[in-house]
Each structure stands twice: as structure tokens, then as C-alpha cells.
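Enquirer: Model the structure of this input:
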Amino acid sequence: MFHSIGGCLFLAAPIVLGASLLAWFPKYRRFRWRSLAVYLVVMSGLIWAALEVVAYIASAQVVLTEIPLILWFTIAWRLAWELWAQTVGHLGDKWIRWGRLRRRQGRPMPLWIGLIPIGRAGLTALVFFSLFLSTVVTHRCKLIDGQDPLSTFDMPFDHVRIPTPDGLVLDGWFIPHDPPSERTILICHGAGANKGNFIWFLGPLANHGYNVMFFDFRAHGGSDGRTTTYGIRERTDVMAAVDWLELRRPQLARVIVGLGSSQGSMALALAAADEPRIDAVILDSPFVSPRDLVHGKARCVPVLGPLMADLLLAEVSVQTGTDFFRVSAEEAVRRLKSRPVMVIHGDGDFVMPRSHAQRLHDAAAGPREIWFGPGPHSNIITESPNEYADRVLRFLDEHLGPAPRRARRAHSRPVATDAG
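Expert: This next block holds a predicted model:
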């Protein structure tokens, strides 16, 4: 189930932390089983309610097996905080009491005693909080599809399962064009999303000479895995989808266009750099690299911010067994050479900086276009679906040749759903 160091630590953490508290601090041996049972029931209910709210917003469905996993995670970090408070917290309190005793005795209190609260807060932020954050962002809970092409757009689809080289299986949909087309658009969703809440890409793009394929990245939706790496390992998933198309739908995928949003744009760029079968690339709400993105956000906190940024990147690298420092979509786009690259960024996007989109556009050596459209992160298509489709399809027609069209079908006005 878990394919990372962080995942294995997650499974063992409550047992190890609980045993440590019981062994080193006798007061924790006096807990009541009834109180523990009430805690488990109440927390399970709160977790279920929170998941239902998120699922409603994202037009998804809750997987009940996620509740015990999230509960296990919650218990692990609750125990970790108790152990932290009993060690780092109490040690600081001990030195503070010692300094106050010296002052009451008429002896000078060392100046460093006054720095203990600040030092303890900094240590908590740098060690405990950064470790917590790195675990949360790389090991997410899953929501499954709450809608599909047939229920939303009345479009028949094939439910597909895609094997990856590292032993996972991805869940996907293939929506064929009528009449059959040799062109396929491969949709790559964002972090924390799934193919179901990216279904709104189908309405504007279908029936314009392209088959459309969606799939869930690893650790998302109906796919295997528990660890996400924001496009780094997910590049393998994109290449697995291309392999599946060549093996199972070769006549319908002689031309493959990748359209990736946020995390999906990183995965797509990295995959396309090594995969010549991807003929054109659309990067929606992209970022240049994890390092540039995290450091850009951290600049608002002087000194401590950049330090925490590098520490966070180091921790997610160790937990996932992946290098978050060196990977770059900008370098990958340069390697696309003559292949067409279109970059899209929303004017209301506060997640990804506008400069990242511009850098990726400027890195393209072949045909390129950039569009700063209306809408928030990953939701430009929900704000202006017709313009989105017109710009993307016109760009593809210009550089891949016109695709056989069919009259546009009316499609529902999409409701914006966040996808990181």
C-alpha cells in the first residue's frame, strides 16, 4: 500500500510513540479505556464529516476505508506532540525555573535563559512543524469519482486500468470520438484532485476531432499508491498512459496531445521531455520547479523562511525517496525542441506565480503560445470554457494540422472545483 519511507514510518509511528510515552512517562499509563473509545468514535465522526464536506465541494465520493487511515495518522501526530512537549517543552521549562530560582537567590540569571521561549518556538517550527507538513503534503487521503462522462455529459466511455512500470495500477477513462479519430488528448489532473473533478475539461474539448483520456495519478482517486511527489514520479504515470494508448488504442492515438494542470503540468513536461510520442503539450497553471515554488512562498518570512523551505524540501525528498531539489519543468520544456507548447495561467491564480508560466513559455524552442486567461488556479476552463477550447484547439490546428470537426454539443456550465 505504501511505497515510501514516509509511508512505512506512518504505519509504525503510533505504536512506537505510544510505547515510548508509556515507558518513559508513567503518568500516561493511567489512561482510561472508556475515554479512549470515546475519543476514537468522536474523531472518526469528525473525520467522516470533514471528508463529506470536501467531497461535496469537489463533486467526489468518500471512501470509508480512508477514515481509519486518517484516524491512525491523527493519533500518530497527537502522540508525537505529547512526546515533543514532554521532552523539548519540559526541558526548556526546567532551565527557565532554574534561572528564576537563581534570580530569587540574588544571583544573576544567564542571558540565554530569556532566549529559551524563542528558541523552543523556532525549534518546534523547524523540526516538528516541518516534519508534520512534509508528511501531510506527500501522503494524502483519497476521494473517488462522484461523476463520470456518461452521467455528466451523456458521453459513452471505456473504464480502463493502466499498469505502471513500478507495479501500480492507475484508474482511467477513455472517451472515443465519433467518428473515430487518430488523435487523443490526455488530461493530467492536479494534486489532491482526480479524474472525476476534472470532468469539466471534457465538455469544451470533446467532439472536436479528438478522443479524450483521463486517468488518476498514483495516490489519487481510484489508482494505487499513497505517496504523491507533485509530478516527479508521476511522470511515470503519464508515460504508462501513453504506453496503454499505443498498446490498446493504437489507431486512435497516432497523435497524442498532453494537457496537464498544476501537478499534472509538471508530470507532463517531465514525461514529454523523454517521450517523443507526446506530440504537443498544454501546460495549465504550471510551476517551474518545487524548489522555486517553495522558496518563492517562503520569502515572506525573513531568514527562517528560506531555511524552512530547504528543510521541507529535504524532508519530502527523504520521505518519498525522490529528489525535490533538482527537478525542473523549465529544463524539460527546453528538451521538447520543435514540439508545440502552450502555457495557460489564470489572472486569479494565487497559488502559482505568473512568472512561472512566463518562464516555461520562454523556455520553449518550438512553436509556443501563452494565454493569461480569467479564473483561479486550475479553473480557467470553468470560468471561460468556450474561449479555453477555442484557443487550445486553434493552437493545435495551427501546429498539428486541422482535426476533423463535429458540431459542438451543448455542455453544462461547470462549477469551479479546486485542484492543486
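Enquirer: contacts, neighbours, all on C-alpha from now
Expert: Noted.
Enquirer: first to last residue in stretch 186-202, what's the distance?
Expert: Start-to-end span of stretch 186-202 (Cα to Cα, to the nearest Å) is 11 Å.
Enquirer: And for stretch 373-383?
Expert: Using Cα to Cα, one end of stretch 373-383 lies 9 Å from the other.
Enquirer: so how far is it from its chain's centroid?
Expert: 18 Å (Cα atoms, centre = their mean, to the nearest Å).
Enquirer: Equivalent analysis for stretch 353-372, please.
Expert: Chain-centre distance of stretch 353-372: 22 Å, with Cα atoms, centre = their mean.
Enquirer: contacts for stretch 25-36?
Expert: 21-22 (Cα atoms under 8 Å, 6 or more residues apart in numbering).
Enquirer: Next, the distance between the ends of it.
Expert: From its first residue to its last, stretch 25-36 covers 18 Å (Cα to Cα).
Enquirer: Let's test this: mean pLDDT of it, rounded?
Expert: For stretch 25-36, mean pLDDT is 85.
Enquirer: again with stretch 296-305
Expert: In this model, stretch 296-305 has a mean pLDDT of 82.
Enquirer: Equivalent analysis for stretch 163-183, please.
Expert: Here the average pLDDT along stretch 163-183 is 96.
Enquirer: which residues are in contact with that stretch?
Expert: With contact meaning Cα under 8 Å, 6+ apart, stretch 163-183 is reached by 149, 155-162, 195, 206-207, 209-218, 221-225, 236-237, 240, 251-257, 404.
Enquirer: How are the helices of the stretch 151-300 of the chain distributed by residue range?
Expert: 202-205, 234-248, 263-274, 290-298 (DSSP state H, counting those that start in this stretch).
Enquirer: Can you spell out which helices and strands pack onto the third one?
Expert: Looking back up the chat, that one is helix 263-274. Counting contacts by 3 or more Cα pairs under 8 Å, 6 or more residues apart in numbering; DSSP states H and E, helix 263-274 is packed against strand 183-188, helix 234-248, strand 255-261, strand 278-284, helix 329-334.
Enquirer: what inclination does that helix have with respect to helix 290-298?
Expert: 150 degrees (axes from the mean of the first three to the mean of the last three Cα atoms, to 10 degrees).
Enquirer: Give me the buried stretch members for helix 263-274, please.
Expert: Neighbour-count burial for helix 263-274, with 16 or more other Cα atoms under 10 Å as criterion, is recorded at 263-273.
Enquirer: mind showing which ranges of the stretch 51-200 of the chain have poor pLDDT?
Expert: By pLDDT under 70, the stretch 51-200 of the chain contains no weakly predicted segment.
Enquirer: which residues sit against the host helix or strand of Ala13?
Expert: Taking DSSP states H and E as the criterion, Ala13 maps to helix 5-24. Helix 5-24 is contacted by residues 2, 28-29, 72-73, 75-76, 79-80, 83, 135, 139, 226-227, 318-321 when judged by Cα under 8 Å, 6+ apart.
Enquirer: Same question for stretch 241-251.
Expert: For stretch 241-251, the external contacting residues (Cα under 8 Å, 6+ apart) are 162, 182, 215, 252-254, 277-278.
Enquirer: Now for the residues you listed: which two are most distant?
Expert: The two members of these with the most space between them (Cα to Cα) are Ile162 and Glu182, at 20.0 Å.
Enquirer: circling back: of the contacts of helix 5-24, buried ones?
Expert: Neighbour counting by 16+ other Cα under 10 Å classes 2, 72-73, 75-76, 79-80, 83, 135, 139, 226-227, 318-320 among these as buried.
Enquirer: Now intersect those residues with the helices, please.
Expert: Those of the buried ones among the contacts of helix 5-24 mapping onto helices are 72-73, 75-76, 79-80, 83, 135, 318-320, per DSSP state H.
Enquirer: out of the contacts of stretch 241-251, who has the most neighbours?
Expert: Among these, the one with the most neighbours (other Cα atoms under 10 Å) is Phe215, at 29 neighbours.
Enquirer: So that residue sits against Gly190, correct?
Expert: No: using Cα atoms under 8 Å as the test, Phe215 is too far from Gly190 to be in contact (11.2 Å).
Enquirer: quick one: contacts for Leu313?
Expert: Counting by Cα under 8 Å, 6+ apart, Leu313 makes contact with 134, 291, 324-325.
Enquirer: tally of neighbours for the closest residue to Phe132 other than its chain neighbours?
Expert: Nearest non-adjacent residue to Phe132, counting by Cα to Cα, 6 or more residues apart in numbering: Trp77, 7.7 Å away. Counted by other Cα under 10 Å, the residues lying close to Trp77 total 17.
Enquirer: got it, and Lys94?
Expert: Neighbours around Lys94, by other Cα under 10 Å: 10.
Enquirer: and if you look at Gly196?
Expert: 26.
Enquirer: Report the contact partners of it.
Expert: Contacts of Gly196 (Cα under 8 Å, 6+ apart): 59-60, 144-148.
Enquirer: so where do the strands sit in the stretch 51-200 of the chain?
Expert: Here the stretch 51-200 of the chain has its strands, by DSSP state E, counting those that start in this stretch, at 60-62, 143-145, 158-163, 169-175, 183-188.
Enquirer: Looking at the ones you listed, which one is packed in the most?
Expert: Across these, averaging neighbours per residue (mean count of other Cα atoms under 10 Å) puts strand 183-188 on top, at a mean of 26.
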